[in-house]
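Participant: I would like to see how this sequence folds:
(one chain, ligands or ions: 1)
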Amino acid sequence: MSKDTAIYDNPTFLANYLDLPRQQQGHDGAPEWPILMAMVGTVREERVLDLGCGLGWFAHWAVENSAQHVDVLDVSNKMIEKAKGMTASLPKRIDFRVQDISSRDLGVSPGSYNLVYSSLAFHHLSTAAFKRLLAQVNSALVHGGRLVFSVEHPIYTAPGYDQFVKVDLPGRHGADLIWPLNRYGYEGLRETNWLGGEVKKYHRTMTTYFESLLEAGFLVSGFREYMATGEDLEKNPQWQGALQRPMFLLLQAENTARTQPQEG
Ligand SMILES: C[S@@+](CC[C@H](N)C(=O)[O-])C[C@H]1O[C@@H](n2cnc3c(N)ncnc32)[C@H](O)[C@@H]1O
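Facilitator: Below is the predicted model:
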């Protein structure tokens, strides 16, 4: 495992990570989930691949919603171990594999999935690795198969300082918090301090996300930025910041390549 991705196996970081509402409550603790679920649509009888599965909440949901089979990959041994535990009582339709998704060969066969899904993992990949992955994902999807993923929003990943720094305007007492934005055009590595660990993320612009999908042969069919709704804020006032700057970028894309008919 590379130094960049070992953080999820670090005991201190992992203990803090497991305390997050979205890890404790699964999709109920993930405010962007309803948007992702609408992009995912039905998974009934589908073959699904989840990249950077974490605790396996999505695989759990997919099996409960009648997916035919789910392959889950994550670079972290601990995450795969926990995902196995969390889905142990479900029908045996999930295969788990410790796999670095930035590698040149993901080990997936062409045309083998209807849906490739990933939540909040791709911003851990450099742009070169992200592009390499997209090419493999495009080939792994059937014609019309879809890729649905979320990443930290480029506005969130851009700052060269700590991305959590915020500024209160004089006299406004938190009513108009400002997150200083810089280095938007400087793509690349950001070293952040999160949950007591040094977490490596990669910033890329909105343009790079879209162009990378198009270059890999995808048709972009859905695009949303997660911003908290009034209902979200009633349940969780701490998401107020997500109304002031988008936290997540959510994208849906389709494989439109047709297999060439055999000659003769
Ligand atoms: C923020 S967590 C998200 C987990 C899960 N998808 C979710 O939404 O709850 C990011 C996950 O991506 C995994 N990850 C990061 N870099 C990876 C890589 N290069 N290959 C495979 N998994 C990776 C981490 O181990 C971690 O489980």
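
Participant: Flag every residue of the protein that's near the ligand.
Facilitator: 5, 8, 52-54, 57, 73-76, 79, 100-102, 119-121, 124-125 (Cβ under 6 Å from any ligand atom). Quick note: C-beta positions are derived from backbone N, CA and C, even for glycine.

Participant: Apply 5 Å and report the result again.
Facilitator: Contact residues, the chain versus the ligand (Cβ under 5 Å from any ligand atom): 5, 8, 52, 54, 74-76, 79, 100-102, 119-121, 124.

Participant: what distance separates stretch 70-87 from the centre of its chain?
Facilitator: On the basis of Cα atoms, centre = their mean, to the nearest Å, stretch 70-87 sits 15 Å off its chain's mean C-alpha point.

Participant: My read is that residue 96 contacts residue 84, right?
Facilitator: Yes - A contact is recorded between residue 96 and residue 84 when judged using Cβ atoms under 8 Å, the distance being 5.4 Å.

Participant: Give me the common contacts of the two.
Facilitator: Between them, residue 96 and residue 84 share these contacting residues under Cβ atoms under 8 Å, 6 or more residues apart in numbering: residue 56.

Participant: More neighbours: the two, which one.
Facilitator: For residue 96 versus residue 84, neighbours defined as other Cβ atoms under 10 Å are more numerous around residue 96 (20 against 14).

Participant: Just the CA atoms of the strand or helix carrying that one, as CSV, please.
Facilitator: Element membership of residue 96 [criterion: DSSP states H and E] is strand 94-98. Below are the C-alpha coordinates for strand 94-98, written out as CSV (Å, rounded to 0.1, in the frame of the first residue of the first chain):
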residue,chain,number,x,y,z
ILE,A,94,-20.7,-9.4,-2.4
ASP,A,95,-17.0,-10.0,-3.2
PHE,A,96,-14.5,-8.0,-1.3
ARG,A,97,-11.0,-7.2,-2.5
VAL,A,98,-8.1,-5.2,-1.1
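
Participant: contacting residues around that strand?
Facilitator: By Cβ under 8 Å, 6+ apart, the list of residues contacting strand 94-98 reads 53, 56, 59, 63, 69-77, 80, 83-84, 87, 107.

Participant: Counting only helices, which of the residues you listed make the cut?
Facilitator: Residues of the contacts of strand 94-98 located in helices (DSSP state H): 59, 63, 77, 80, 83-84.

Participant: Output the lowest mean pLDDT helix or strand found in the protein.
Facilitator: The least trusted helix or strand in the chain, going by mean pLDDT, DSSP states H and E, turns out to be helix 241-244, with a mean of 80.

Participant: Compute the mean per-residue pLDDT across the helix or strand just after it, please.
Facilitator: Tracing the chain past helix 241-244, the next element assigned as helix or strand by DSSP H and E is strand 248-255. Along strand 248-255, the predicted local confidence has a mean pLDDT of 98.

Participant: going forward can the numbers begin at 539, since that is how I track them
Facilitator: OK, 539 is where the count begins now, so the last one is strand 786-793.

Participant: Which residue, neighbours along the chain excluded, lies closest to whatever residue of the stretch 589-738 of the chain ends up closest to the ligand?
Facilitator: Taking Cβ to the nearest ligand atom as the measure, the stretch 589-738 of the chain has residue 592 as its residue closest to the ligand, at 2.4 Å. Counting by Cβ to Cβ, 6 or more residues apart in numbering, residue 592 lies nearest to residue 617, which is 5.4 Å off, once chain neighbours are set aside.

Participant: how close does that neighbour get to residue 653?
Facilitator: Taking Cβ to Cβ, to the nearest Å as the measure, residue 617 falls 20 Å from residue 653.

Participant: ok, residue 724 touching residue 741?
Facilitator: Yes - with contact defined as Cβ under 8 Å, residue 724 reaches residue 741; the gap is 7.4 Å.

Participant: So residue 728 lies in a helix, does it not?
Facilitator: No - if the criterion is DSSP: H, G, I helix; E, B strand; the rest coil, then residue 728 is strand and not within a helix.

Participant: out of the contacts of strand 632-636, which are buried?
Facilitator: Among the contacts of strand 632-636, those scoring as buried are 591, 594, 597, 601, 607-614, 618, 621, 625 (criterion: 16 or more other Cβ atoms under 10 Å).
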